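Asker: Got a sequence here, can you model it:
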Amino acid sequence: MKGKEGEPTNHVHVYPEDVKPPQVPLPTTTSKPLDISDLSYIISKLKECKFDPGQWEDLCLDIGLYEVTISTIRSDRNTANDCLRSCLVKWLNRVEDVDKKGGATWESLENGLINIGQKPVAE
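Answerer: Numbers count the residues shown, from 1 in each chain. Presented below is the predicted three-dimensional model:
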């Protein structure tokens, strides 16, 4: 590579022995944060794996939503499927204790399913 007026340029970063160059973690599929654009896919995967929407309250509590939020969802929605969808929207928006429970990731959803006795769905 040539620099100013045809002179070669040398870009070498030298770090003292006790200072390491910054490391960029490799993304993984399980820890990559999910967002609202993943909602439809998450719901379709739960259906495909035969998740019982009637267990939405236990799941939502385990993945970080507060009981007051769950009560509000319960009173505002008609069906378990509607409640599950509303719960997942809140989870994807990382409200309340979602981040303390691992954030909105496939891994934390899997852990929540296992914790409520839905290991076959989680697998």
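
Asker: so what does the helix or strand containing Y41 touch, helix or strand wise?
Answerer: Here Y41 sits within helix 39-48, counting by DSSP states H and E. Judged by 3 or more Cβ pairs under 8 Å, 6 or more residues apart in numbering; DSSP states H and E, helix 39-48 is in contact with helix 80-92. Yep, even glycine has a C-beta here, placed from its N, CA and C like the rest.

Asker: The helix or strand following the helix it packs on vs helix 39-48, what angle?
Answerer: Downstream of helix 80-92, the first helix or strand assigned by DSSP H and E is helix 106-115. Here helix 106-115 points in a direction 30 degrees away from that of helix 39-48 (axes from the mean of the first three to the mean of the last three Cα atoms, to 10 degrees).

Asker: and the next helix or strand after helix 106-115, what does it pack onto?
Answerer: Downstream of helix 106-115, the next assigned helix or strand under DSSP H and E is helix 119-122. Helix 119-122 is packed against helix 106-115, with contacts defined by 3+ Cβ pairs under 8 Å, 6+ apart.

Asker: How about residues contacting the helix it packs on?
Answerer: 29-32, 34, 42, 51, 59, 62-64, 91, 98, 101-102, 119, 121-122 (Cβ atoms under 8 Å, 6 or more residues apart in numbering).

Asker: returning to what we had before: could you give the angle of the helix holding Y41 to helix 80-92?
Answerer: Using the same axes, to 10 degrees: helix 39-48 against helix 80-92 is 130 degrees.

Asker: To which secondary structure element type does the closest residue to D97 other than its chain neighbours belong?
Answerer: Nearest non-adjacent residue to D97, counting by Cβ to Cβ, 6 or more residues apart in numbering: G64, 4.0 Å away. Look at G64: counting by DSSP: H, G, I helix; E, B strand; the rest coil, its state is coil.

Asker: Going forward, count from 4.
Answerer: Okay, residue one is now 4; in that scheme the one you just asked about reads as G67.
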